Structures are given as structure tokens and as C-alpha cells.
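Trainee: Provided below for reference: sequence and predicted model.
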Amino acid sequence: MVEGDIQIAPDGRLRHCLTTQGMDGERITGILDLAESFAGVNDKTIKKVPLLRGHTVVNLFFESSTRTRSTFELAAKRLSADVLNIDVQRSATSKGESLLDTIANLQAMQCDLFVMRHPESGAAHLVARHVDDDVHVINAGDGLHAHPTQALLDVFTMRRHKPDLSERSVAIVGDLRHSRVARSEIHALRALGVGEIRAIAPRTLLPVDLEALGVRVHEDIDAGLADVDIIVMLRLQRERMEHALLPSSSEYFAGWGLTPERLARARPDAIVMHPGPTNRGVEIDSRVADGPQSVILEQVTNGIAIRMAVMALVAGTAPQREGR
Amino acid sequence: MTALHITGGRVIDPASGHDGEADVWIDGGRIAAIGAAPASFPEHERVDASGCIVCPGLVDLGARLREPGERHKGTIASESRAAIAGGITTVCCPPDTSPVVDAPATVELIRQRAIEADQARVYPIGALTAGLDGQYLAPMRALARAGCPAMGQADRDVGDSHVLRSALAYAATIDRPVILPACTPSLSHGCAHEGTVASGLGLPGIPVAAETTAVARIIALVADTGARVHIGRLSSAAAVELLARAKADGRPITADVAAHQLELTESALIGFDTRAHLRPPLRSAGDRDALREAVAAGVIDAVCSDHRPHEPDAKRRPFEASDAGLSGLETLLGLVLARVAAGDCDLATALARVTAGPARVLGLPAGTLSVGAPADLCIFDADTEGVVEPEGFVSRGRDTPLTGHMLPGGVRTVLVEGRIRGTY
């Protein structure tokens, strides 16, 4: 069984969005194209389309999030859905209710689209396997496993700047081992046939067998950034020092932080991305984060269109042309 | 006690090397003769075993019966009945019950419940350290006298090497083997083999080094103390290599593997199947192949079920939060027979790993059909096969990643002490 199977309905439609693994280039391109059509909506004065009118979207976040949750909420509202935000700190799960019981209760309230973030890898798969047939699950990040909408908005942003992705090289820099964004992005980039994917990090922050995913590993950032077209920086969590994976954040910055000098090794028109929130002075220098090559805020804007597209697709209300 | 005459079966007794069609004569709960009827054999019942294999009842070195302490997962009665359904007549249960088996009264409780259940024989493994905490020695001499054939730590490591060395020396003094897990805790915080699959799924990994560092320490302390140590549940090719070297050096060291490790690999986890959440984790195909070879060659002495029944909710959680373990009693024989079908080894060798092999490891009076031995027998059809369907399990545990797999063999009749305990 391919891991992505469960998100595809028997008729080939995207029923849930759990992972980019198993999505082919055609499907991803379809999502990006649909997002392009929604991007126009976001520029209008009245930013609404009625595609999810009558649907109830639940933002179920078991981990804190600002930008992902807000952009999902905005996306749902621009599709005219009713939106319920569940604050997990105050929810029944902190009283011992199981994840599946929480979902069953929300289903009983006729919620039909779950946007879920959970600290455990595989949580979205578990929920998708147990929901009713007409209920849809969008994974907004599960443990270290996947964050498909982030990956999609990243490749959307890349495609806007570098339409010829098959000719381009992408370097993902930082804590790939603990990054669901990196995992999802690697699958999406491979499906789109990107020219080259590089991973740059010290060995303690690299997942084992990364090469098996078609990634070239560099432990030295200067070599890794040479002539690259797209740089994706990853956030470094403070816990990594506590778990003896790194000596200190200053040593990390000295070794793998993205400074203007290092950025100069990439192609002159290279773009710099970051899924946020950024740690300035830890993985990225402020001069780079705020510099002309940074597209970090564009990523946030694009997140709304991508999330609109994914919600409309899984709910089966996307315009026919793209709604495979 | 009724005398029995088992006719027409192919009798395989790995302990004696006997393999051929023969009648088995049972009287007084013991094997009276193999072949011709003994003189003046009393009035008896007949069991027709034609077309079947007659072998010693299986001996399982590691099966949780969940009692005392976790009766919602299983009981000695329910799980020892499941053992019989799997052809297993002797079960050794690890000491990590609640309370821990570190007092003779707990040993007595388990033995008494097993007698009441009147199914498979149950041997509680005693705790090596008090509370399995790895700090103070458990009363091993009293536990041995209460009936523990060995001392062990279940899944719990003894972190302090001085304590472990001392515990091994003391166990050697009272002449009991020690069963130890091959797992360094500080390297085992994950829930899956650290490899391609766990990397892709974003599951925290348990590296092979968690096993090899533990095995290397055990080997050094065996050399130092002369204690007999049995390593439970090996999972990696690298650890098998260390074991083979220690055995070649003449160390009194043995090991077993969980039967499912011979069939499955890390790929069973794809899609976050919590039934494949096992400990030690399912590893790579290369590891599995090395384990198969080691079983065939006898480097690994025994194959066990590593039975860990759970209530259904224990597996209805995100992968890492789900409980590890599968229901294994009723697939042990099939998994061993699958190795024969695959050509790894002959039937007698495969059966040795679940009869004479484990019995020898712990010095149990089981796993043999020699005259005078307790008449614990498993009669099974080797020519049939069946789909693993946990809904039909006798065990309360219904979770196994082998669900839907086709396995050879079908248990027909199981005897303990000359009495039929199950017919299927």
C-alpha cells in the first residue's frame, strides 16, 4: 500500500489532503492552477466565493499556530464556509478524551471538514480512516510527518518565481530531521520534477536514508549553496540544544545560518523562503530575511489561495476544470 | 487418567532426532512408548493423527498473559486457552505484571490461576531486580524455589552496570539463567526502526545501535560472571553477528526472536498501521533475512510469540501514542512453518526452535517426546493453510499486522499431560 492511498477516493478525486507523498505532478499542478484562480479573489474588494456555503469547517489545532490557522480560517471564510476554531488547551482532550472521540463528537455536530494539526505523526491518517464518508480531513501538520498545504504553497511560490522548475535547484537548509515541511516539500518537488534537491544540515539534524528520497546531502553550507536557485530555510527549535543535537544556537548560526555572504554563493536571482516563524540570528540573518531576495511574506499570502484550493477540492466543490 | 494411543501420525521429536510415522502411547500423563505398544498397555482411547504431524507441544519463552494487573487486556485463563489453540503447551510469562513478579506470593498467584485455567503450563519468569527498577536484587533464590525457571527484566534495562554484573553473578550462584532485553533505553525513545520508512513517516527512530550496544554489554558481563544469559527478542543483523561471535567464543549465551520478525519488515508501518507498532521494532529486509538465517542455522535458539494482547482502544491512537505489541500466540506455529515452506530449513529444524530449543534454554521439562516425558503434544496438519483472521482468535488480543496473511499449518489436537485440552 502506498502511504498516500487513503486520501484518494476510488474515482481518483482528492478526498482528504494528508500528505504530498503519492500525489503526482499532474495533481499538484492542478492544485496550483486552481490556487492561481483563487489568488485573484484575494485581490478583489469583496473577497468571497460561495463554494463552501453551507459547509462547516473545523480548525482543530492540538499545537499552537498563528499563520497556518489564520490562513486556513481566512481561506474557509472566503469560500463562505462556517468556521469553528477549537482551542485545544480548553478542550475535552485535556480532560482525557481520546482523539477519535473528539472527532466523533464534532461529526455529530455536522462538521464536515476538519483542518487538523496534531503533535503526533500519523494523527491525520488515523482520523481520516475513522471519519464518515462525506467528511474530509486536511492535515495542517502531524508531528514530524507532513504539512502538505505548506509544501504546496511553497511550490506555488517557487513556480511563480521560477516557472521552469525542472531546470532549477532547491536547497533545504536546517533541521530536516524534525521538519514535516521538509518531508512534504521533498515529495512535492520530486513529483514536479525539480532539477535538483539538496539538503544542508549537520548530521544530527538529518533524517537517516534521506538520499533514498532523491536528495543530495551537504553538511557544508558553502558547498551546498553554490549556484542554487531556491533556498528554503527551516526553523530551528530550542529543544534541539536540550537534546544534545547541537551545542548552541550561536554555533549553529556560525555554521549553518544564512548570511548575506553565504547567500552570495547562490545564483544572483536566487529566492529565499522560510515557512516561519523565523528565528533571526539563529537560522537566518535579518538582512537576508528582510532583503530583496526574500519571498517569506509572499508565502504567507499564497497560503490563503492554496488552502482555498485544497478545501474546495476535498469538499468536491471546486470548479470542474481543475476538480480532478 | 485415561491412556491414549495416537495413531497414524508422522512423529517429529527434534530433541531425539526421531522423524517418521509412528504410534504414540501415553499413560499416566507421560509418554509410554513411541512405535510398538508397550507390554500390558491399559484400556485406552484412540486419537487418529493420520495425515498430521505429531510433535512436542510448543514452548513459548515470551508471552504476556496480562495477569495480575491488566485483566482488561487478557487473563491467564483467556490467554493460556489461546496458547493451546496455537499448539503451545508451555508459556513463560515475563515479570512485568502489576505487581511485578518479585515476590514468591505473586509466583504462587500466577501458578494457581494457571492451574485453575487448566490449559497450557505457565512458568512465571522472576524479576532480576526488585520492582524491575534495576537498583536492588530481587529475592531470586526464593523466586526460584517458588517455581521461576529463570530471572529476567522483561523490557526494562538495568542501567547501572555494577547492579547488572552483580545480579548476573548472583543468578549464576543459584543456577538460574537470566533473560535480558537487548535495548539501551537512552537510544530507544522512538517507536520505529530508524530507517527509510520511519524517516518518511516522521516517526522517531530506534537505531540498530540501541540493540548492539546492549548486546555488547551483555556479552562482556557474561564473560566476566559466567552467568547463563538468554537475550530476548533480537531484531537486527548486527546483533546476530555479535551473538554468533560470542557463541563461537564458547560463552553461555542464547537468544530468541519474535516470530513476526521473520515475516515482516519496517514496510508494515506504511500508512501508520498501529498494529505494526512493535517493540523491538520491525527492521529492514536485510535484518529480517539475517534473523531467518540465524534461526535456520541455530545461532538463534528459539522463536517465541512475544504475545502482547491489548484492548482495541490501545491501537486506536496516533502511532506513537498507541501501545506496542501484537497478539501472537495463534500465529507462532504458522510463522515457523512458513520458514519451512520458504525453504529456509527442514520441518524438524523449524520445530526444534519452538520445542527443544526453548526448553533447553531454560532447562524446562518440556519440548520432547522421550519416553517418560510429560505427554505435552501438538498434532497439526502441515499441508493446509489459512488466512490470519483475528476475529476468530481465542486470545482477547485481536491486533496483529499479520491480519490477512496466508500462513501454513492448522492445529488439530493439543495435549497437556496426556489430556486433550483442545481439538480444532
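Mentor: Okay, I see it.

Trainee: when you work out contacts or count neighbours from here on, use the C-alpha atoms and nothing else.
Mentor: Will do.

Trainee: which residues of the stretch 201-350 of chain B lie near chain A?
Mentor: Within the stretch 201-350 of chain B, the positions adjacent to chain A are B:Leu201, B:Gly202, B:Leu203, B:Ile270, B:Gly271, B:Phe272, B:Arg316, B:Arg317, B:Pro318, B:Phe319, B:Glu320, B:Ala321 by Cα under 8 Å from any Cα of the partner chain.

Trainee: tell me which of these fall in helices.
Mentor: Assignment to helices by DSSP state H places the following of these there: B:Leu201.

Trainee: quick one, which of the residues of the stretch 201-350 of chain B next to chain A are buried?
Mentor: B:Leu201, B:Gly202, B:Leu203, B:Ile270, B:Gly271, B:Phe272, B:Arg316, B:Arg317, B:Pro318, B:Phe319, B:Glu320, B:Ala321 (16 or more other Cα atoms under 10 Å in any protein chain shown).

Trainee: hmm, back to that, most widely separated two among the residues of the stretch 201-350 of chain B next to chain A?
Mentor: Spanning the widest gap among those are B:Gly202 and B:Arg316, at 18.7 Å by Cα to Cα.

Trainee: show me what contacts the closest residue to chain B within the stretch 51-200 of chain A?
Mentor: Of all residues in the stretch 51-200 of chain A, A:His145 sits closest to chain B, at 4.0 Å by Cα to the nearest Cα. Applying Cα atoms under 8 Å, 6 or more residues apart in numbering or on different chains, we find A:His145 in contact with A:Ser121, A:Gly122, A:Ser179, A:Arg180, A:Arg183, A:Ser184, B:Gly200, B:Leu201, B:Gly202, B:Leu203.

Trainee: closest one to B:Ile26 out of the buried ones among the residues of the stretch 201-350 of chain B next to chain A, please.
Mentor: Nearest to B:Ile26 among these, with distances taken as Cα to Cα, is B:Arg316, at 47.0 Å.

Trainee: which of the contacts of A:His145 sits closest to A:Leu14?
Mentor: A:Ser184 (16.4 Å).

Trainee: hang on, isn't that closest one packed against A:Leu18?
Mentor: No: look at A:Ser184 against A:Leu18 with Cα atoms under 8 Å: they stay out of range, at 9.8 Å.

Trainee: who has more neighbours, the two?
Mentor: A:Leu18 (31 against 24; other Cα atoms under 10 Å in any protein chain shown).

Trainee: would you mind pulling up the elements that the helix or strand containing A:Asp101 packs against?
Mentor: Per DSSP states H and E, A:Asp101 falls inside helix A:99-108. Helices and strands touching helix A:99-108, by 3 or more Cα pairs under 8 Å, 6 or more residues apart in numbering or on different chains; DSSP states H and E, are helix A:123-130.

Trainee: just to check, B:Val163 is in contact with B:Leu132?
Mentor: No: between B:Val163 and B:Leu132 there is no contact under Cα under 8 Å: 11.8 Å.

Trainee: which one's more surrounded, the two?
Mentor: B:Leu132 (24 against 16).

Trainee: returning to that earlier point: need the residues touching each of A:Ser184 and A:Leu18.
Mentor: Common neighbours of A:Ser184 and A:Leu18 (Cα under 8 Å, 6+ apart) are A:Ala146, A:His147, A:Pro148.

Trainee: residue nearest the centroid of chain B?
Mentor: B:Cys304 (2.6 Å; Cα atoms, centre = their mean).

Trainee: show the pLDDT at that one.
Mentor: If you check B:Cys304, the pLDDT there is 98.
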